[in-house]
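Engineer: sequence plus predicted model, see below.
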Amino acid sequence: MNGEKLSQEEIEMLFAEMNQSEDESTKATDELSELEKDALGEVGNISFGNAATALSTMMNQKVEITTPTVSIIDWKTLSESKDPGMAVQVTYTSGFSGVNVLFLKKRDVSVIADVLMGGDGTNPSEEMDEIQQSAVQEAMNQMIGSSATSMSSFFEKRVDISTPTFHVSNETLGEVLQELSDQSPFAQVSFDLKVGDIIDSKLTMFIPVNFAKSLVKELWSQAEETSEAKEAVQTSAAETAAAVTLEQPNQMEEPVSSPTQHYSAEPPQDQNQNVNVQRASFTQFDNGFGEQTDTKNLDVLLDIPLQVTVELGRTHKSVKDILEMGSGSIIELDKLAGEPVDILINNRLIAKGEVVVIDESFGVRVTDILSRKNRLQHLK
């Protein structure tokens, strides 16, 4: 600039350009591309596939959750939201680092509470008491737990969450999300929720954009690792096939006999004469070779820990019965007194036994081990 000083107007223009550049950078960070939205929708599918099954089991109703739609909602719109309902705050403590909020409308929550308490859901009460709220919270706990399990299986790593925080009564959605936001936008993942003929509404999940981007990045990383593994397998298979092809003898170079030699009408009289026929001899291998290999392979498995569970019995209870339990309540099981108890290894039935007392501790004496056929049937 040849040592000349900037005028006040030029300084203001320079600052304006810098601020504009920062605003564009912030805007790009706070938005999701269409590809990122599709990926986030896939994460939503993964999360709530088993959650719908868990809710269906508890309500004994057909539950459908459709493919989600993803959009960006700014803080101003959220702060003005007056939708009453239940907001469930989920914090990831392992596997991921972030928070999201699951939102259900007030009427949908009332219908779920009515069904869980033994009603048909057609005439839910406008205000829920503590027992109904506890029933719905337990249902949400089951759904969110199933969701975390699905994510753990898909991403192939442990995913843990803290105890969900529930916000009900007069709190609005904007008030709940205000604690999680620095006035930055949220990714809004909306599912169409249908429960039998009693609920036809929406289930919405709000994820801070930064956390949403980390989930998408993790999903893409998982897809890239899977693609690289497939390419490695295909390359290895192609190299093996090429090596086998190169080792094949070139049969085309062998002389070809004339047709009269192969298809003579009458074989020569001495065709089977002077033919030396002997038994085939095979190399005998040491019998201990296979046993030694099997033993080594078995030794690798000997230190693997297994969970042994002794099951006294089972029963089925409704959410209403469970909430009414207290100290001194008696639960009737499906086994008779004196009947053998089940011994399970990693939740698979292996044997039967009887309960004994060893000094001051309980123990189990194995009385019957399932046959190999029965054990295989329980593994299916």
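Structural biologist: Structure received.

Engineer: would you map the helices across the stretch 251-380 of the chain?
Structural biologist: Here the stretch 251-380 of the chain has its helices, by DSSP state H, counting those that start in this stretch, at 259-262, 288-301, 319-323, 372-379.

Engineer: for the third one, buried residues please.
Structural biologist: Of the residues in helix 319-323, those scored as buried under the neighbour-count criterion (16 or more other CB atoms under 10 Å) are 319, 323. Using the backbone N, CA and C atoms, a C-beta is placed for each residue, glycine as well.

Engineer: show residues contacting it.
Structural biologist: 58, 116-118, 131, 134-135, 138-139 (CB atoms under 8 Å, 6 or more residues apart in numbering).

Engineer: what do you get for stretch 45-55?
Structural biologist: Outside stretch 45-55, the residues that reach it (CB under 8 Å, 6+ apart) are 63-65, 67-68, 112, 139, 142-147, 149-151, 154, 191, 195, 203, 205.

Engineer: for Val109, give its distance to Ile144.
Structural biologist: With the distance defined as CB to CB, to the nearest Å, Val109 ends up 15 Å from Ile144.

Engineer: for Glu126, same thing?
Structural biologist: Taken as CB to CB, the spacing of Glu126 relative to Ile144 amounts to 26 Å.

Engineer: quick one: which of these two has more around it?
Structural biologist: Applying other CB atoms under 10 Å to Glu126 and Ile144 shows that Ile144 carries more neighbours, namely 21 against 7.

Engineer: is the nearest residue to Pro208 once chain neighbours are set aside in a bridge, and if so with what?
Structural biologist: Counting by CB to CB, 6 or more residues apart in numbering, the nearest residue to Pro208 once its immediate chain neighbours are dropped is Phe186, at 5.9 Å. Per DSSP bridges, residues listed as beta-bridge partners of Phe186: Ile73, Pro208.

Engineer: quick one: contacts for Ile72?
Structural biologist: Listed by CB under 8 Å, 6+ apart, the contact set of Ile72 reads 30-32, 185-188, 209.

Engineer: can you give me the distance of it to Leu203?
Structural biologist: Taken as CB to CB, the spacing of Ile72 relative to Leu203 amounts to 18 Å.

Engineer: cool, and Glu42?
Structural biologist: Summarising the geometry, the distance separating Glu42 from Leu203, computed by CB to CB, is 17 Å.

Engineer: quick one: which of these two has more around it?
Structural biologist: Counted by other CB under 10 Å, Glu42 and Leu203 do not tie: Leu203 has more neighbours, with 24 against 18.

Engineer: does the more buried one count as helix, strand or coil?
Structural biologist: strand (DSSP: H, G, I helix; E, B strand; the rest coil).

Engineer: what ranges do the strands span in the stretch 251-380 of the chain?
Structural biologist: Remark: strands assigned in the stretch 251-380 of the chain by DSSP state E, counting those that start in this stretch are 308-311, 341-345, 348-358, 361-369.

Engineer: what pairs with the shortest one, and is each one parallel or antiparallel?
Structural biologist: Using DSSP bridges, the strands paired with strand 308-311 are strand 341-345 (antiparallel).

Engineer: show me the contact partners of the strand it pairs with.
Structural biologist: Looking at what lies outside strand 341-345 - CB under 8 Å, 6+ apart - the contacts are 306-313, 335, 349-355, 364, 366.

Engineer: which residues touch Val88?
Structural biologist: Taking CB under 8 Å, 6+ apart, we find Val88 in contact with 101-104, 140, 144, 164-167.

Engineer: okay, and which of these map to strands?
Structural biologist: Taking DSSP state E as the definition of strands, those contribute 101-104, 165-167.

Engineer: in ChimeraX, how would I select just the buried ones from the residues you listed?
Structural biologist: Here is the ChimeraX selection string for the buried members of those, based on 16+ other CB under 10 Å:
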select :101,102,103,104,166,167
